[in-house]
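[1] sequence first, then the predicted structure:
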Amino acid sequence: MDNIVILTGAGISAESGLATFRGPGGLWEGHRVEDVCTPEALARDAALVHRFYDERRAALGRVAPNPAHVALARLDREWPGGLLIVTQNVDDLHERAGARRMLHMHGELNSALCASCGTRRAWEGSLPPGTTCGDCGSPTLRPDIVFFGEMPYRMDAIERALSDCDLFVSIGTSGAVYPAAGFVRTARYHGAATLELNLERSAGSAWFGETRLGPASELVPAWVDEVLAQSTQSSPMSR
Ligand code: OAD
Ligand code: ZN
């Protein structure tokens, strides 16, 4: 088993205290997703959308990585083969746990995007509508979040990794949002084994070769132990 691609979603951060999107009532922190996560919402009520993401950004300071993030960071450090963690999450818990071989396909709370020139820059604290871009001078900085209808980041790198992976693992995602929901099929098409780790079966559960149900803080560390134990057994160093 050489190349591993891992897709994570809101479920991996749930036990850190961050709300998932499609929880009870279908509301995200009291809002309908389409009221805070679309270009139309930003055009209609920029103050609401900016305030909403200011609150989410501030919440990052009150949470910490949980054992699932920590286990994936360990896998990143110790796995000798290829590895890519693709997260749909906009929180920074994977990197705070120490993961390096990762990317944020849906953007990041700690980043601002200029709607005029496309520059992305690290951002902390609040981001009021009308904030000026340091590059082009336009008052058009917005939260660097991929809204519905916008193209996720790094799709080329993701497609490359999927087409070359031996194992695809999906963790804590409902499988409701494309293109991420389609990654399992791409990986299968290229011959990868597929594993789902989730609290309940996701929308695309039938596409996975194996499903393990439970909380990420338990399932992920156990799975990482398994994978790393196998890799030491088969490595020439241990023979
Ligand atoms: P969802 O809220 O749709 O799904 C979270 C999944 O995690 C569900 O299947 C839960 O059963 C599962 N889950 C909850 N708690 C868990 C736990 N402790 N351990 C393991 N699994 C658990 O979140 P996503 O699938 O990430 O986009 O949502 C995808 C995208 O929709 C998000 O990236 C976001 C949203 O619109 C953007 O922000 C651009
Ligand atoms: Zn700009």
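    Thanks, I have it. Ligands and ions are numbered 1, 2, ... in the order given.
[2] so which residues on this structure come close to ligand 1?
    Residues of the chain lying near ligand 1 by C-beta under 6 Å from any ligand atom: 9-11, 14-15, 20-22, 33, 37, 88, 90, 106, 145-146, 172-174, 176-177, 198-200, 202, 215-216. Backbone N, C-alpha and C define where each C-beta goes, glycine included.
[3] show me which of these are buried.
    Burial by neighbour count, 16 or more other C-beta atoms under 10 Å: within the residues of the chain next to ligand 1 this picks out 9-11, 14-15, 20-22, 33, 37, 88, 90, 106, 145-146, 172-174, 177, 198-199, 202, 215-216.
[4] and the residues you listed, which of them are in strands?
    145, 198 (DSSP state E).
[5] in the sheet, who's paired with the residue nearest the centre of the chain?
    By C-alpha atoms, centre = their mean, the chain has its centre lying nearest to residue 87, at 1.9 Å. Using DSSP bridges, the beta-bridge partners of residue 87 come out as residue 8, residue 104.
[6] pLDDT wise, what is it at?
    With respect to pLDDT, residue 87 has a value of 98.
[7] would you confirm that it contacts residue 104?
    Yes. The pair residue 87 and residue 104 qualifies as a contact (C-beta atoms under 8 Å) at a distance of 5.7 Å.
[8] where do the helices sit along this protein?
    Secondary structure of the chain (DSSP state H): helices located at 33-36, 39-44, 46-59, 67-78, 93-97, 155-163, 183-189, 216-234.
[9] got the buried residues for stretch 193-208?
    Applying 16+ other C-beta under 10 Å to stretch 193-208 flags 193-199, 202, 204, 207-208 as buried.
[10] can you tell me which residues contact residue 76?
    83, 85, 98-102 (C-beta atoms under 8 Å, 6 or more residues apart in numbering).
[11] which stretches of this protein have low pLDDT?
    Residue ranges of the chain with pLDDT under 70: 1, 24-27, 234-239.
[12] swap the cut-off to 90 and go again
    Counting by pLDDT under 90, the chain contains low-confidence residues at 1, 19-35, 230-239.
[13] residues contacting residue 102?
    76, 84-87, 94-95.
[14] what's the closest non-adjacent residue to residue 204?
    Nearest residue to residue 204, sequence neighbours excluded (C-beta to C-beta, 6 or more residues apart in numbering): residue 175, at 4.0 Å.
[15] same question but for residue 155, I mixed them up
    That would be residue 179: by C-beta to C-beta, 6+ apart, it lies 7.0 Å from residue 155.
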